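Participant: sequence and predicted structure below; questions after.
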Amino acid sequence: MKVKWWLIAGVTVALLVLFEWQVFLDMRLLPLRTARVPLRELRPWPDDFLQAYSPRFPLQVAVLWLSSEQTPLGLSHAFRQMGIPFCVTDRLDEALRHPLVFIGPSVDGRALSPAQAEQLSQFVTNGGVAFIQLPFWGGLKPLCGFREYQSTRTRHWLSFVAESAPALRYLNRPEERRIRFGADGYPEIIWTTGYVLHDPGMAVLAEYKDRTVALARRDWGRGVVYLCGVDLNHVIIRNQTNHDPEAERWYLNHFEPGTDVWLLLLRAWYETHQPDAIRLGTIPNGHRSALLLSHDVDGELSISNCLAFAELERRLGVSSTFFMQTKYLKDALSRRFFYGPTLEILRRLKEQGFEVQSHTVSHCERFDRFARGTGRETFSQYRPYVGEDNQCPHGTVFGEVRVSKELLDGELPGQTTAFFRAAHLKFPPSLPEVLERCGYEFDSSLAAGDVLTQFPYAIPLNLEFERDSQLYEFPIALEDEEAPPLGQRLDGARDLIEANAENGAITVALIHPDSTDKLAAEEALVQRLPKDIAVSDLLSFARFWRARDRLAWQVQSRPDPREVELTLTSPEPLSGLTIEFRRVVEAIVSGGGRQLDAHRLVLPALAAGSSLTLRIRYAP
Ligand SMILES: [Zn+2]
């Protein structure tokens, strides 16, 4: 048959026109409302740790910091996360006015004089407690009890070996008794120091595989010395900024306490040796832990399911956070869906009291390699097309962060987007700065295993070791994408939640609403949770955590030795904070609050900027 050339040409042209029309429709910008997202200046940082954490009362643990090159950022995180009062000083005599002293990052012959070593020795003899990190100086051998030491970068594993040492009391699980500093594939990892002791009476608390001592306790006179061969400050901050040489044994869905063992060690050390120890609890209202529910809404399929998850959670009497991808462009990943019907669903979620937060614009897997951008990215010109190869040449960190907030704040009544979760948990180093400058307050983009911690923390700027951003990180512990399906590994999930509860840590759960099959698993998980584990959305808990972290408080003794006075000033609204006392509390004399048991009370709610004076009477 003879096909007419003009017919072929006509059909081709028609198809081309149709195709171009579709492309035109897809390219055409949706008529979405945006809110202005002003670019803020970074909040100034009190460069000087000595000023930021100045000595104010004897109950503070004194950190004697002997380096001007490193900052004690990791240690400050640990004490803040554990709610332990502390101060930082570079003067020995000032440090020794506090009964508990942490000395670091290392001590060599230039850091202390022989007279000062003698002063320190006298302090311990008279009942002081010193935690001495990395003593390299012969002048400290008599006090610290070591004969020699070896520093290398090849020790991958550490084991806590003492059976019943009070300082190890929180390290009860196998994952806590043995931890890793780096994956075996790395021949060289972080520096550690192993000691050989000269005093056989010392209690060895931790050792490396080569059987040299990593941590030991020595009772000396009326006091106690701890000898430590691990740079806790460095390990903590390195893990929290995800610069560890893949120290994690598990990425998600398994208890990975590689950072937390050091936090818990410091907590137990404080509680063991400070008879008047007072600490801020980590979980509000006396609960042991909190399960924080979140959902990542990644595509069209998920959107229609959101309401079913909301309905279940309303029935269970709990709340959650929906991280919403604001996809307004069609690309190789998916169609666009942030318009019309999606917005209706998001508005309904908000009306029902659920949190809606940002989960980027493009959801590109290469987000961690995006350029930082300029901060001028707006909806009207930001076009992050993701290609077949997963490349997104026009994507920027500022674009993903700022434009998603413009849209969520513009389209949802009463919305102020404050929380961010990166796509595929990929975290570019510029993210803390970009989030802070765009007015975000919290992030949940890191896997708990990756940062080896189950506690929230202030995330440092540029993921460096020098200073914090204003952002707080809430690492994800439990998720639903690993096989087998969540419904078939609920026992493992419960064990993870319980392991966290034993430490007063949280469990952040991520359940994608891409299938309603997961409803049953979530229901079973929430319903069978022990009563003393709270369930919350991310934002409510995050606000509590930040207010707790920023609380200024001090403890003063009273003329009556059975009484103590706490003065607390909260820059932010703070509700439900639990305070823990080592001594037995007989009564709250004044200031209000609710006593939970002999050792704990819940503070009355504090309004932003308010102060409270609390007087406590201890039992005789
Ligand atoms: Zn996602």
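Facilitator: Sure thing, it's come through.

Participant: buried ones in stretch 487-496, by neighbour count?
Facilitator: When burial is assessed from 16 or more other CB atoms under 10 Å, stretch 487-496 yields the following buried residues: Gly487, Arg489, Leu490, Ala493, Arg494, Leu496. (Glycine included, C-beta is placed from N, CA and C.)

Participant: apologies, that question was intended for stretch 79-97.
Facilitator: 79-89, 92, 95-97.

Participant: okay, and which of these map to strands?
Facilitator: For the buried residues of stretch 79-97, membership in strands holds for Phe86, Cys87, Val88, Thr89, with DSSP state E as the criterion.

Participant: report the contact partners of the first one.
Facilitator: Contacts for Phe86 (CB atoms under 8 Å, 6 or more residues apart in numbering) come out as Tyr53, Gln60, Val61, Ala62, Val63, Leu75, Ser76, Phe79, Phe102.

Participant: from the residues you listed, which land in strands?
Facilitator: Among the contacts of Phe86, the subset assigned to strands under DSSP E consists of Val61, Ala62, Val63, Phe102.

Participant: about what we covered before: nearest to Leu227, of the ones in strands among the buried residues of stretch 79-97?
Facilitator: Proximity of those to Leu227 was ranked by CB to CB; the top entry is Phe86 with 20.3 Å.

Participant: tell me the centre residue of this structure?
Facilitator: Pro456 (2.5 Å; CA atoms, centre = their mean).

Participant: residues contacting that residue?
Facilitator: Pro456 makes contact with Gln81, Tyr472, Glu473, Phe474, Pro475, Ile506, Ala542, Trp545, according to CB under 8 Å, 6+ apart.

Participant: so the fifth one touches Val508, yeah?
Facilitator: By that I understand Pro475. Yes. Between Pro475 and Val508 a contact is recorded at 6.4 Å, counting by CB atoms under 8 Å.

Participant: which of the two has more neighbours?
Facilitator: Under the criterion of other CB atoms under 10 Å, the comparison of Pro475 against Val508 puts Pro475 first, with 29 against 25.

Participant: returning to what we had before: now for Pro475 and Val508: what residues contact both?
Facilitator: Ser444, Ala448.

Participant: what residues are up against the residue in the stretch 451-600 of the chain positioned nearest to the ion?
Facilitator: Nearest residue of the stretch 451-600 of the chain to the ion, counting by CB to the ion: His512, 7.2 Å away. His512 makes contact with His295, Asp296, Asp298, Ser302, Asp480, Glu481, Lys518 under the criterion CB under 8 Å, 6+ apart.

Participant: recalculate using a threshold of 6 Å.
Facilitator: The neighbours of His512, taking CB atoms under 6 Å, 6 or more residues apart in numbering as the test, are Asp296, Asp480.

Participant: state the pLDDT value of it.
Facilitator: At His512 the predicted local distance difference test score is 97.

Participant: and it, how far is that from Gln527?
Facilitator: To Gln527, His512 is 20 Å away according to CB to CB, to the nearest Å.

Participant: got it, and Pro284?
Facilitator: Pro284 sits 22 Å away from Gln527 when distances are taken as CB to CB.

Participant: who has more neighbours out of these two?
Facilitator: Of the pair Pro284 and Gln527, Pro284 is the one with more neighbours under other CB under 10 Å, namely 21 against 8.

Participant: for the more buried one, which non-adjacent residue is closest in space?
Facilitator: Gly576 (3.2 Å; CB to CB, 6 or more residues apart in numbering).

Participant: burial of the one you found, as a residue count?
Facilitator: Residues within reach of Gly576, counting by other CB under 10 Å, total 18.

Participant: I'd say it and Asn285 touch.
Facilitator: Yes. Contact status for Gly576 versus Asn285: in contact at 4.2 Å, counting by CB atoms under 6 Å.

Participant: let's verify the closest residue in space to Asp244 that isn't next to it in sequence: helix, strand, or coil?
Facilitator: Spatial nearest neighbour of Asp244, chain neighbours left out: Arg238 (5.4 Å); criterion: CB to CB, 6+ apart. When the structure is split into helix, strand and coil by DSSP: H, G, I helix; E, B strand; the rest coil, Arg238 lands in helix.

Participant: so what's Arg238 scoring on pLDDT?
Facilitator: The predicted local confidence for Arg238 comes out at a pLDDT of 97.

Participant: ok, back up a step: checking the residue nearest to Pro284 next. Helix, strand or coil?
Facilitator: Of the three states, Gly576 takes coil according to three-state DSSP.

Participant: just the pLDDT for Leu316.
Facilitator: Note for Leu316: predicted pLDDT of 97.

Participant: can you tell me the element the spatially closest residue to it that is not a sequence neighbour falls in?
Facilitator: Across the structure, with CB to CB, 6+ apart as the measure, the residue nearest Leu316 apart from its sequence neighbours is Val526 (5.2 Å). Counting by DSSP states H and E, the element that carries Val526 is helix 518-527.

Participant: centre of the chain versus that helix, how much separation?
Facilitator: Relative to the chain's own centre, helix 518-527 is displaced by 25 Å; criterion: CA atoms, centre = their mean, to the nearest Å.

Participant: ok so, going back, make JSON lines from the ones in strands among the buried residues of stretch 79-97 and add pLDDT and distance to the ion to it.
Facilitator: Putting these into JSON lines (pLDDT from 0 to 100; distance: CB to the ion, whole Å) gives the following:
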{"residue": "Phe86", "pLDDT": "98", "distance to the ion": "38"}
{"residue": "Cys87", "pLDDT": "98", "distance to the ion": "42"}
{"residue": "Val88", "pLDDT": "98", "distance to the ion": "40"}
{"residue": "Thr89", "pLDDT": "98", "distance to the ion": "45"}
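
Participant: circling back to that earlier point, quick check, nearest of the ones in strands among the contacts of Phe86 to the ion?
Facilitator: Sorting these by distance to the ion puts Val63 at the head of the list, at 39.7 Å, by CB to the ion.

Participant: any idea what the closest one is bridged to?
Facilitator: In this structure, Val63 has beta-bridge partners Val88, Phe102, where bridges are defined by DSSP bridges.

Participant: with Tyr457 instead?
Facilitator: Here Tyr457 shows beta-bridge partners Glu473, assigned using DSSP bridges.

Participant: and it, how many residues sit next to it?
Facilitator: 25.

Participant: show me the contacts for it.
Facilitator: Counting by CB under 6 Å, 6+ apart, Tyr457 touches His77, Gln81, Gln240, Glu473.

Participant: so which of the contacts of Phe86 are also by the ion?
Facilitator: Intersecting the contacts of Phe86 with the contacts of the ion gives an empty set (criterion: CB under 5 Å from the ion).

Participant: redo those residues as CSV? Include distance to Trp137.
Facilitator: Formatted as CSV, the contacts of Phe86 follow (distance: CB to CB, whole Å):
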residue, distance to Trp137
Tyr53, 25
Gln60, 26
Val61, 22
Ala62, 20
Val63, 19
Leu75, 20
Ser76, 25
Phe79, 25
Phe102, 17
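
Participant: switch those over to TSV; also include distance to Leu30 and pLDDT.
Facilitator: Shown next, in TSV, are those (distance: CB to CB, whole Å; pLDDT from 0 to 100):
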residue	distance to Leu30	pLDDT
Tyr53	50	96
Gln60	55	98
Val61	55	98
Ala62	58	98
Val63	54	98
Leu75	49	98
Ser76	46	97
Phe79	49	98
Phe102	56	98
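
Participant: nothing else from me, thank you.
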